[in-house]
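Got a predicted model here, sequence first, then my questions.
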Amino acid sequence: MIDGHTRVCGVIGNPVEHTMSPAIHNALAEKLSHNLVYVPFHVETGEVAAAVKGAYALNVLGMNVTVPHKKEVMEGIVEIDALAEKIGAVNTLVRTKGGFKGYNTDMPGLYRAMCSENIRMEGEDVILLGAGGAARAVAFLCAEKNVAKVYMLNRSVEKVRMIAQEVREKTGKECICPMALSDYPDLPDKKYLAIQATSVGLFPDEDRAVIEDEAFYKKIHTGFDLIYRPSNTKFMKLVRARGGKAYHGLKMLLYQGIIAYELWNKVSVPEDLAGEVYEILKEKMGIKDEG
Ligand code: ATR
């Protein structure tokens, strides 16, 4: 029941109407018997700092930030976590004295999703497809988790070069090897963990993968697509057709939410509860697989 003690959390974005985050947080609050409600806030570009300041004044407990505000929101916060600063994107706001502190739980969320599937990053050879906002964050995660090497492929190779340089400067790691997308036949003959971080294959563009050549997929033992709509992307189908394991991005969404919830409420969400919330998300998405 909403009453005088109910705490408010929410997500700001534009558009925000299709967000799955209320399903995650309201389920967690219910199962943990927290008096908390989580709602979407549609915020226009240019209004983000004002929205964040207003939320703080309204004693809002915590906020998530989604597309396209993950950079602009940095203007409205008083402090930023070191990882979020490196990545250059904030998706979670936590109350501190005098204002909100910004975090990035997307990348820890991806890492926890991979751990829950027993996918290792440490020491792995990784293929990272893309060089947009999502891929950039994954590049920093790879550096932080001490992967052996990241072959980072993108249509415009100049973007990858810039990210490789930033990763080198900010982490001291030389692990990123920039490549043009079309140069994938030159990848050393090894078995890779591949992370798909382009927007190719996203609904309603479901029949496409960023690399369609089946020969490429021989080199992949595990494919992780950050896309979860659809839940069986063309990339995943191509990985599986060549004997690899493939995963969609819904668990990353789940865990970025769980980590935010943990920061706001100073609790640790056990794995069995994470599993229950995941089932709710899968049902909402109409996903029947085990992934
Ligand atoms: P996000 O924030 O989700 O990462 P983004 O920053 O717009 O989104 O990045 C989209 C990524 O998908 C980029 O790597 C983009 O490649 P370019 O940097 O060369 O534009 C990639 N992408 C989008 N459409 C593509 C296409 N048709 N073929 C190849 N790559 C594509």
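Cool, got the structure. Predicted model only: the values in this text are computed from it and were never measured.

all contacts plus neighbour counts: C-alpha atoms, from now on.
Noted.

Pull out the buried positions in stretch 35-45.
Of the residues in stretch 35-45, Asn35, Leu36, Val37, Tyr38, Val39, Pro40, Phe41, Val43 count as buried by neighbour count, 16 or more other CA atoms under 10 Å.

again with stretch 103-121
In stretch 103-121, counting by 16+ other CA under 10 Å, buried: 103-114, 119, 121.

Give me every residue in this protein lying close to the ligand.
130-135, 154-156, 198-200, 210 (CA under 6 Å from any ligand atom).

can we see that at 8 Å?
Contact residues (CA under 8 Å from any ligand atom) of the chain with the ligand: 67, 129-136, 154-157, 159, 181, 197-200, 210.

Which of those fall within strands?
Among the residues of the chain next to the ligand, DSSP state E puts Leu129, Asn154 in strands.

contacting residues for Tyr56?
Arg95, Gly99, Phe100 (CA atoms under 8 Å, 6 or more residues apart in numbering).

if we can go back for a sec, got the buried residues of stretch 35-45 as a markdown table, with pLDDT and secondary structure columns?
A markdown table is the format used below for the buried residues of stretch 35-45 (pLDDT from 0 to 100; DSSP: H, G, I helix; E, B strand; the rest coil):
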| residue | pLDDT | secondary structure |
| --- | --- | --- |
| Asn35 | 98 | coil |
| Leu36 | 98 | strand |
| Val37 | 98 | strand |
| Tyr38 | 98 | strand |
| Val39 | 98 | strand |
| Pro40 | 98 | strand |
| Phe41 | 98 | strand |
| Val43 | 98 | coil |
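
where are the low-confidence patches of the stretch 151-291 of the chain?
289-291 (pLDDT under 70).

So which residues of it form helices?
Secondary structure of the stretch 151-291 of the chain (DSSP state H, counting those that start in this stretch): helices at 157-171, 214-217, 234-241, 250-265, 271-285.

Output these in a markdown table, with mean neighbour count appended to each entry.
What follows is those, written out as a markdown table (neighbours: other CA atoms under 10 Å):
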| stretch | mean neighbour count |
| --- | --- |
| helix 157-171 | 17 |
| helix 214-217 | 16 |
| helix 234-241 | 22 |
| helix 250-265 | 22 |
| helix 271-285 | 15 |
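
So for Ala29, which of these sits nearest?
Closest to Ala29 of the helices of the stretch 151-291 of the chain is helix 250-265 (CA to CA; 8.9 Å).
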